[in-house]
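>>> One predicted model, sequence on top.
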Amino acid sequence: MIDFRYHLVSIIAVFFALAVGIVLGAGPLGERVDADLPDQLNSMREQNSQLQEQIRGLESIQEYRDGFIEVVTPEIVSGRLDNRDVVVMAMPNADGDIVAAVAETLRDAGAEVTASVQVDSNWTDAESETALDALAAGLVSTGITIPEDGDGYDRGAALLAQAFLISPEEVTLEEGLPSGIDELTLGINRQSDEEIVIGLSEAGFIGVDGDAERKAELAVVVAGPLVAEDSAVPVEPLVT
């Protein structure tokens with residue numbers, strides 16, 4: 001049991017510590033803090049000024065780069081994709097402005113953008129693997145090659161490609177078509193697979209901007225910003 005004398009000594013110790021703190025704060029320690037404070041403030045102002053100068057420099061470089069790209073891009077890409085059908089695939093978290101800019105650049109290059117497809121973030125969810133596998137099994141049709149050794153994500157990706165793209169073999173066949181022979185003559189079906197598009201859309205895995213009536217021979221994939229390991233700083237989006 002704590003007696004009154006022990007309790008009194010504890011209270012005196014507390015007040016003594018407070019008194020010592022007040023004396024030191026008002027005395028030598030307080031004088032040192034007062035003397036150092038102006039130097040610290042000046043140092044912080046100088047650092048702040050340097051950082052602001054760096055920001056202005058980076059903004060100037062960015063503005064110059066963007067202006068240069070805007071001016072030279074039409075000249076560089078003009079005619080590179082004449083008579084080519086291209087589908088734009090936007091991965092989860094892809095910047096909408098970048099996706100739109102990519103589509104516009106493709107048109108400047110002479111391409112026909114058949115559709116802009118947004119892949120939803122729930123595609124990569126753990127529980128989506130089974131759903132994608134089931135969709136692939138239910139929507140597969142003649143001529144579609146589904147990976148047998150892959151998982152549900154692999155089969156779902158094959159299904160997505162089938163909906164919007166003709167096969168590389170068909171592209172090669174088309175490029176060798178003699179004048180006057182159309183695609184259908186050789187059995188090349190350019191019509192998008194509406195059943196797959198509806199199935200993936202209703203399941204919430206994709207969203208489609210455009211009519212998507214015609215399959216493309218090329219796809220441009222726009223990824224979302226990457227985050228470097230051990231860092232919260234995002235990396236520039238990837239366009240492939």
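Yes, it's here.

>>> all helices in this structure, in order from the N-terminus.
Secondary structure of the chain (DSSP state H): helices located at 4-26, 28-77, 96-108, 128-139, 152-164, 168-175, 194-202.

>>> So which elements touch the second one?
Counting contacts by 3 or more Cβ pairs under 8 Å, 6 or more residues apart in numbering; DSSP states H and E, helix 28-77 is packed against helix 96-108. Quick note: C-beta positions are derived from backbone N, CA and C, even for glycine.

>>> residues making contact with the helix it packs on?
73-74, 77-78, 81, 86, 88, 90, 113, 116, 118, 220, 222, 237, 239 (Cβ atoms under 8 Å, 6 or more residues apart in numbering).

>>> Going by mean pLDDT, which of the helices of the chain comes out lowest?
The minimum mean pLDDT among the helices of the chain belongs to helix 4-26 (a mean of 60).

>>> Widest-spaced pair of the contacts of helix 96-108?
Farthest apart among the contacts of helix 96-108 by Cβ to Cβ are 78 and 118. That separation is 27.8 Å.

>>> Looking at these two, which is more packed in?
Under the criterion of other Cβ atoms under 10 Å, the comparison of residue 78 against residue 118 puts residue 118 first, with 19 against 12.

>>> That one reaches residue 93, doesn't it?
No - here residue 118 lies out of contact with residue 93, judged by Cβ atoms under 8 Å, at a distance of 10.3 Å.

>>> Show me how to select, in PyMOL, the buried members of the contacts of helix 96-108.
To isolate the buried subset of these in PyMOL, counting by 16 or more other Cβ atoms under 10 Å, use the following:
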select buried, resi 77+81+86+88+90+113+116+118+220+222+237
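
>>> quick one: least confident of the contacts of helix 96-108?
Across the contacts of helix 96-108, the bottom pLDDT score, 51, is held by residue 237.

>>> Show me which strand runs longest in the chain.
strand 112-119 (DSSP state E).

>>> Please report how far residue 71 lies from residue 65.
Applying Cβ to Cβ, to the nearest Å, the value for residue 71 to residue 65 is 11 Å.

>>> let me redo that: residue 83
Using Cβ to Cβ, one gets 31 Å for the distance from residue 83 to residue 65.

>>> just residue 59 next, same as before
To residue 65, residue 59 is 11 Å away according to Cβ to Cβ.

>>> Contacts only, for residue 78.
Counted by Cβ under 8 Å, 6+ apart, residue 78 has contacts 108-110.

>>> List only those of those residues flagged as buried.
The buried subset of the contacts of residue 78 - by 16+ other Cβ under 10 Å - is 108-109.

>>> what's the neighbour count on the nearest residue to residue 164 once chain neighbours are set aside?
Of all residues not flanking residue 164 in the chain, residue 87 sits nearest, at 4.6 Å (Cβ to Cβ, 6 or more residues apart in numbering). Neighbour count for residue 87, taken as other Cβ under 10 Å: 27.

>>> and what of residue 99?
If you count neighbours by other Cβ under 10 Å, residue 99 ends up with 22.

>>> Kindly report the same for the one 3 residues further on.
With neighbours defined by other Cβ under 10 Å, the count for residue 102 comes to 22.

>>> Ok, residue 194 next?
The burial count for residue 194: 11, using other Cβ under 10 Å.

>>> Kindly report the same for residue 97.
Number of residues near residue 97 (other Cβ under 10 Å) recorded here: 8.
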